[in-house]
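Engineer: Output the structure for:
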Amino acid sequence: MPVKRTITKNYGTYFITFTCHKWLPLINTINGYDIVYSWFDHLKSKGHFINGYVIMPNHVHMLVSFNNSSQKINTIIGNGKRFMAYEMIKRLQKNNESGLLKQLEEAVEAARKTKNKLHEIWKLSFDWKECIGKEFTWQKLNYMHSNPCTKKWSLSNNPFEYVHSSASFYISGAQGVYVITNFMEMEDLDLSNGKV
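Structural biologist: Next up, the predicted model:
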């Protein structure tokens, strides 16, 4: 059973991380970066703002400003993980990744199988921190943008070079693969009223 901390507000800027089951590099295995970008598009269509991101081979870091809506943020994230999981399973099936599919099927808890869950793509819970103040937000952005350059990953020599990241925007002002909104612009918006 996941330890789930509920985000009590329906709005605000949050640093969020969710991870593939057992840290499996599923995103990279299926080249599923576009699946995450599609979910970002969905969030934008609902009035939310993508302020930063890094999509790693097996996890996603994101800085999101949520505009107040009738849905809880935990629900929005849960629905997003579910949407991405369906798309990832389709791609695993298309790529004949039968060993991985079997492993993900066997990972589903019995109680969740009764609710028709067939595969465990993501860890059940996700991590989050509310970002209040520029200093803390910069700290989270720097952390996520540096992630691909750490010794553990060595995916790029510097944050600017990693394609699936918003680092280039915050370093040079040039939008990368995915267009984001500078988190500094959020200071002038009232996310609490849902009318942004």
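
Engineer: so where is the chain shaky, pLDDT-wise?
Structural biologist: Where the chain drops to pLDDT under 70, the residues are 1-4, 113-114, 196.

Engineer: so where do the helices sit in it?
Structural biologist: For the chain, the helices defined by DSSP state H cover 26-29, 33-45, 73-94, 98-106, 110-113, 134-146, 167-172.

Engineer: so what's residue 71 up against?
Structural biologist: The contact partners of residue 71, by CB atoms under 8 Å, 6 or more residues apart in numbering, come to residue 10. To be clear about C-beta, it is placed using only N, CA and C from the backbone, and glycine gets the same treatment.

Engineer: Distance-wise, check it relative to residue 10.
Structural biologist: 7 Å (CB to CB, to the nearest Å).

Engineer: same thing with residue 58?
Structural biologist: Counting by CB to CB - residue 58 and residue 10 are separated by 29 Å.

Engineer: cool, residue 147 as well?
Structural biologist: Relative to residue 10, and taking CB to CB, residue 147 is found at 28 Å.

Engineer: Out of these two, name the residue with the larger neighbour count.
Structural biologist: The residue with more neighbours, out of residue 147 and residue 10, is residue 147; 21 against 18, by other CB atoms under 10 Å.

Engineer: From what I see, the more buried one and residue 52 are in contact.
Structural biologist: No - the pair residue 147 / residue 52 is not scored as a contact, 11.6 Å apart, by CB atoms under 8 Å.

Engineer: so what sits against both of these two?
Structural biologist: residue 61.

Engineer: residues near the closest residue to residue 67 other than its chain neighbours, how many?
Structural biologist: Distance criterion CB to CB, 6 or more residues apart in numbering; nearest residue to residue 67, sequence neighbours excluded, is residue 47 at 4.1 Å. A total of 15 residues lie near residue 47 under the criterion other CB under 10 Å.
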